[in-house]
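S.K.: okay, sequence plus prediction incoming.
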Protein chains: 2
Amino acid sequence: MGIEIKHALALNAFDGAKRTAMDAATRALLNRRKRNFGAASVLFYRAPLNIVRAEGVWMIAADGRRYLDAYNNVPSVGHSHKRVAEAIAAQSTAVNTSTRYLNDIIETYAERLKATLPKSLSNVVLTCSGSEANDLALRLAAQASGGQGFVVTETAYHGNTLAVTDISPSARKPGTSVRHVKTVPAPGRAAYGADIAGGFAKAVNKAIAVLKRDGLRPAALICDTIFSSDGVFADPPGFMAQAVAAMRAAGGLFIADEVQPGFGRTGERFWGFARHRLTPDIVTMGKPMGNGYPMAGLATRPALLAAYCAEVGYFNTFAGNPVAAAAGLVVLDVIRDEGLQANARTIGADLRARLAALAQRHAVIGEVRGAGLFIGVEFSHDGDLARPDPETASRVIDGMRERGVLIGAAGRYGNILKIRPPLCFAEAHVDFFVKALAQVLKN
Amino acid sequence: MGIEIKHALALNAFDGAKRTAMDAATRALLNRRKRNFGAASVLFYRAPLNIVRAEGVWMIAADGRRYLDAYNNVPSVGHSHKRVAEAIAAQSTAVNTSTRYLNDIIETYAERLKATLPKSLSNVVLTCSGSEANDLALRLAAQASGGQGFVVTETAYHGNTLAVTDISPSARKPGTSVRHVKTVPAPGRAAYGADIAGGFAKAVNKAIAVLKRDGLRPAALICDTIFSSDGVFADPPGFMAQAVAAMRAAGGLFIADEVQPGFGRTGERFWGFARHRLTPDIVTMGKPMGNGYPMAGLATRPALLAAYCAEVGYFNTFAGNPVAAAAGLVVLDVIRDEGLQANARTIGADLRARLAALAQRHAVIGEVRGAGLFIGVEFSHDGDLARPDPETASRVIDGMRERGVLIGAAGRYGNILKIRPPLCFAEAHVDFFVKALAQVLKN
């Protein structure tokens, strides 16, 4: 199509080569950042934000300006949540040690977590990051299947280790590929038309055939079940089933990467795979798990874990320590006590409805998609999904920031707004968000 | 030699197949552990410890028994340190977000950390775990050298990701090997006699030759500079230089894995590589960095990082968040304010001297080694290092536990006590430790 493919983030990232208006304090901080973190430092916005405080759905900059956070999906129960901070503090003064010793709180946490998952996935492995969880999941799948090949979506992101970067096309230079990883288009209308379920399964079967042609047995299909970096694809619920069946028929497993959709964000169910009525072989999780405390993990069948551990074994020094367990426990408590999953469902539906109404008035919005508080707004020329419009997405992101709202972009072309606010987002925040977007689109 | 090689940990781990005397509460907790964590759960001791509290150098079990912790090198400034807990609590209630935004505390932390490092290593990448840091270091080295091959010691442990497990022989089944990883014997007298520096360099050159024979260019020599899992090899300072020079002459880099020796533990210097008067190309770090808060990272030259980021880039959601920075900062403060590096030097020297005195009376101690509060005690038949005695090491570990002291084993045969207490270890704790060991050795 002749459209340049860029990392979605790059469109709105700080670019050292361009001169940007910035106050002296931010400029000084930015210079320190460059000296300290060099090329690995990528900041949001052409004029980066200096965030000094955050509470609930708000982030507060050094200049006192408040920003409505509709982007960050880690502080899922709300920024700086008191109960989370208190639980971390209390456990940090009691004991924080590795899982080489017994401690009641680790078991209590694992049991609470397991109560949200299919009964068959009764073994948990805790890690520090979603990357570590996915890195281990790949090995479990390879061991169980005897395969080496993986199928992922074409703009997938699954993390940052060497092995996981291989299965994350969105983290690699456009055009590069890895032999044991085959990609399929994201499960949207643009790629598959009306029959997303059938088209997606056909694409997975084709990828399996390419793996086999290259002499590789399939190990797994791994999907972020909300397809966040691909641009948020949620509907119709159940569309993944045929593709998963295709991979299983070929001897591979299904890994549900719940790092982004998990923990109630999609509203209808606690996990993204549950919306699709699936029981994965492995579920990986992370980001909102400790509301910012570094923790992640996976759940799987005992036999699958045992097969891998008989060969190699797995231990993670920090993971599953009592402080992580305390943070994880209180996050589950808060989701329950504050009714955040139900809130994600109702407020998310309301936000989507109001965005759909905006789309009626603005042809540049090609589609509004999502589930719960995980929403994608696709910009395309004249609403034609075949003609992505990343420039508008980029201008909207900057315009929203000027109006005090933080969002980001996703998708192969960076033309899809990614809206993922804390789950305590309320009606007033929806108003604030939609009014800001309406103004930006008008200009 | 006909000696069975086992994972060092396996010798003293809980073994579900054996019946062990245990109180009903511990037994119940153990059953939950098995149901929740399955095959990936490996616990210390045949009768695992249920630790409910810890303070300073002491860990307290559910039955009220206090154990002197001479094993855990994560809570390096002392268990449940008040200042660390307070810093984490304060920052958790202010803001905890990713490094996509600016925040003064991240830069302050990076600058304080860099002040401990060689000037040339002026770029920092923060991660959640030492495994993630080493995983990235391998990629930086491969990119910079154009090579794919790595040289490690034969019982090295560098972490738990797929890529890092490949360079961790101690984590794999004995006898298995990975084509792009070649091993050299640990740098002790048993392998190299009196000329450890020359012998070690010769072995590294041989490993480089084997890589080349297999068609692989060398990317790096990576060493834990205290060789912890190999059995603790510290002397003579400087013995690594020739080996590092050999790798550089072959076009490869030197990665110093400071996850265990770093942050003052070896007493004389803040970093293990500094004892050897080396400037690594990449320094990785972790465990004690946040005194239990999950954080780790690496430091390298800006050009090295830029070369990798031009191809792939690196971002880590949780890493370098303001809470991690707050924890890391206060750990540096406490090391300075409580004089912990100097304490590691003097108390460590005293402990080694008293262990050496014990060795005079017990032929089963083949060697006492180490630097600062990182000490290895090697058990061998009649003191002959060629005849390792893991059975005695195992009995000593159990006997010490019965006398209220926690230690572990290391080395290819699991015959070396690994002693790494919190750095606030005092004279009274040395007494307690040495008296317990003397009693155990008498029996």
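M.R.: Perfect, I can see it now. Numbering: from 1, shown residues only, chains lettered A, B, ... in the order given.

S.K.: break down the stretch 1-150 of chain A into its helices, ranges please.
M.R.: According to DSSP state H, counting those that start in this stretch, the stretch 1-150 of chain A carries its helices in the segments A:24-37, A:82-94, A:104-114, A:130-145.

S.K.: pull the residues that contact the second one.
M.R.: Defining contact as CB atoms under 8 Å, 6 or more residues apart in numbering or on different chains, one finds that helix A:82-94 is touched by A:77, A:105, A:290-293, A:322-323, A:325-327, A:329-331, A:333-334, B:52-54, B:80, B:82, B:84-86, B:88-89, B:92-93, B:292. For glycine as for every other residue, the C-beta is placed from the backbone atoms N, C-alpha and C.

S.K.: spatially central residue for chain A, please.
M.R.: A:Gln260 (3.0 Å; CA atoms, centre = their mean).

S.K.: pretty sure that residue sits in a helix.
M.R.: No: note on A:Gln260: no helix contains this position according to DSSP: H, G, I helix; E, B strand; the rest coil, which reports coil.

S.K.: right, and it touches A:Ser76 too?
M.R.: No: look at A:Gln260 against A:Ser76 with CB atoms under 8 Å: they stay out of range, at 10.3 Å.

S.K.: who touches both of those two?
M.R.: Overlap between the contact sets of A:Gln260 and A:Ser76, as judged by CB under 8 Å, 6+ apart, is given by A:Lys287.

S.K.: closest one to B:Val244 among the helices of the stretch 1-150 of chain A?
M.R.: Of all these, helix A:24-37 sits nearest to B:Val244, with 26.1 Å by CB to CB.

S.K.: and the closest one, average pLDDT?
M.R.: Per-residue pLDDT over helix A:24-37 has a mean of 95.

S.K.: buried ones in that helix, by neighbour count?
M.R.: Of the residues in helix A:24-37, those scored as buried under the neighbour-count criterion (16 or more other CB atoms under 10 Å in any protein chain shown) are A:Thr26, A:Leu29, A:Leu30, A:Arg32, A:Arg33, A:Lys34, A:Arg35, A:Asn36, A:Phe37.

S.K.: do the same with stretch A:251-262
M.R.: For stretch A:251-262, the buried set under the neighbour-count rule, 16+ other CB under 10 Å, comprises A:Gly252, A:Leu253, A:Phe254, A:Ile255, A:Ala256, A:Asp257, A:Glu258, A:Val259, A:Gln260, A:Pro261, A:Gly262.

S.K.: of those, closest to chain B?
M.R.: Nearest to chain B among the buried residues of stretch A:251-262, counting by CB to the nearest CB, is A:Val259 at 8.9 Å.

S.K.: and the nearest residue to the residue nearest to the centre of chain A once chain neighbours are set aside, how far is that from A:Ala428?
M.R.: The spatial neighbour of A:Gln260 that comes closest, neighbours along the chain excluded (CB to CB, 6 or more residues apart in numbering or on different chains), is A:Ser228 at 4.5 Å. Computed as CB to CB, to the nearest Å, the A:Ser228 to A:Ala428 distance reads 26 Å.

S.K.: who's more crowded, these two?
M.R.: In terms of neighbours (other CB atoms under 10 Å in any protein chain shown), A:Ser228 is the more surrounded of A:Ser228 and A:Ala428; the figures are 26 against 10.

S.K.: and the pLDDT at that one?
M.R.: Each residue has a pLDDT score; the one for A:Ser228 is 98.

S.K.: shouldn't it be within a helix?
M.R.: No: assignment of A:Ser228 by three-state DSSP gives coil, placing it outside any helix.

S.K.: what residues are up against it?
M.R.: For A:Ser228, the contact set (CB under 8 Å, 6+ apart) comprises A:Tyr157, A:Gln260, A:Pro261, A:Phe374, A:Ala410, A:Lys418, A:Arg420.

S.K.: hmm, try it at 10 Å
M.R.: With CB atoms under 10 Å, 6 or more residues apart in numbering or on different chains as the criterion, the residues that contact A:Ser228 are A:73, A:155-157, A:170, A:257, A:259-261, A:272, A:374, A:376, A:410-411, A:416, A:418, A:420.

S.K.: now A:Gly376: closest residue in space, sequence neighbours ignored.
M.R.: A:Gly376's closest residue in space is A:Val232 (CB to CB, 6+ apart), at 2.8 Å.

S.K.: okay, and which of the contacts of A:Ser228 map to strands?
M.R.: Secondary structure assignment (DSSP state E) places A:Asp257, A:Phe374, A:Gly376, A:Ala410, A:Ile416, A:Lys418 from the contacts of A:Ser228 within strands.

S.K.: ok, the residue nearest to the first one when sequence neighbours are not counted to B:Pro280 distance?
M.R.: Using CB to CB, 6+ apart and skipping residues adjacent in sequence, the residue nearest A:Asp257 is A:Asp224, 4.5 Å away. Applying CB to CB, one obtains 37 Å for the distance of A:Asp224 from B:Pro280.

S.K.: next: A:Arg301.
M.R.: Between A:Arg301 and B:Pro280 the distance, using CB to CB, works out to 42 Å.

S.K.: rewinding a little: can you lay out the buried residues of helix A:24-37 as JSON lines showing distance to A:Gly215?
M.R.: Conversion of those to JSON lines gives the following (distance: CB to CB, whole Å):
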{"residue": "A:Thr26", "distance to A:Gly215": "53"}
{"residue": "A:Leu29", "distance to A:Gly215": "52"}
{"residue": "A:Leu30", "distance to A:Gly215": "49"}
{"residue": "A:Arg32", "distance to A:Gly215": "50"}
{"residue": "A:Arg33", "distance to A:Gly215": "46"}
{"residue": "A:Lys34", "distance to A:Gly215": "45"}
{"residue": "A:Arg35", "distance to A:Gly215": "48"}
{"residue": "A:Asn36", "distance to A:Gly215": "45"}
{"residue": "A:Phe37", "distance to A:Gly215": "41"}
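
S.K.: cool, thanks, signing off.
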